[in-house]
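Q: following is a predicted model, sequence given first.
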Amino acid sequence: MINKQSTGGQKEDILYTRVVKAGKRIYYIDVKKNSRGDMYLALTESKKVPTGDIETPNFNYEKHKIFVYPEDFDKFTESLADVMQFIYKEQGPTPPRPEEERDINIGEIEF
């Protein structure tokens, strides 16, 4: 678990973060504060997407965000646990990825 201090730029509003590398995707789970000082959860999925032609490919990062506010935490976590339980029941647990692909240290990521 990482407690991220202010490093300048947009990262200043991140109070706490966890980074999960999952194959071609990286998930960021951030705790932020709004202008009133209330904390909330920001979930971001980042995926490397090739662009350009085959001979000179370029890569962009496609990002998707959702925000979960404290008043919704109970409903959100109950629903998330419910759908995860459904998947495990229907298809069984997925074998874990090798350790180096699951969790990564925020210090290992170049911005």
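A: Thanks, I have the structure now.

Q: flag the shaky bits of this protein, pLDDT-wise.
A: 1-12, 97-111 (pLDDT under 70).

Q: where is the longest strand in it?
A: If you go by DSSP state E, the chain has its longest strand at strand 39-52.

Q: and residue 49, how many neighbours?
A: Number of residues near residue 49 (other Cβ atoms under 10 Å) recorded here: 11. All C-beta spots, glycine's among them, are computed from the backbone N, C-alpha and C.

Q: bridged to it, which residues?
A: Beta bridges link residue 49 to residue 60, judged by DSSP bridges.

Q: residues in contact with it?
A: Applying Cβ atoms under 8 Å, 6 or more residues apart in numbering, we find residue 49 in contact with 59, 60, 61, 62.

Q: tell me the spacing between it and residue 28.
A: Distance, residue 49 to residue 28, using Cβ to Cβ, to the nearest Å: 17 Å.

Q: likewise residue 40?
A: With the distance defined as Cβ to Cβ, residue 40 ends up 14 Å from residue 28.

Q: Provide the backbone phi and psi angles at the closest residue in space to residue 13 that isn't next to it in sequence.
A: With Cβ to Cβ, 6 or more residues apart in numbering as the criterion, residue 13 has its nearest non-adjacent residue at 5.0 Å, and that residue is residue 32. Reported as degrees, to the nearest 10, the phi and psi values for residue 32 are phi -130, psi 170.

Q: so residue 32 makes contact with residue 14?
A: Yes - using Cβ atoms under 8 Å, residue 32 makes contact with residue 14 at a distance of 6.0 Å.

Q: more crowded one of those two?
A: Using other Cβ under 10 Å as the criterion, residue 32 and residue 14 rank with residue 14 on top: 20 against 16.
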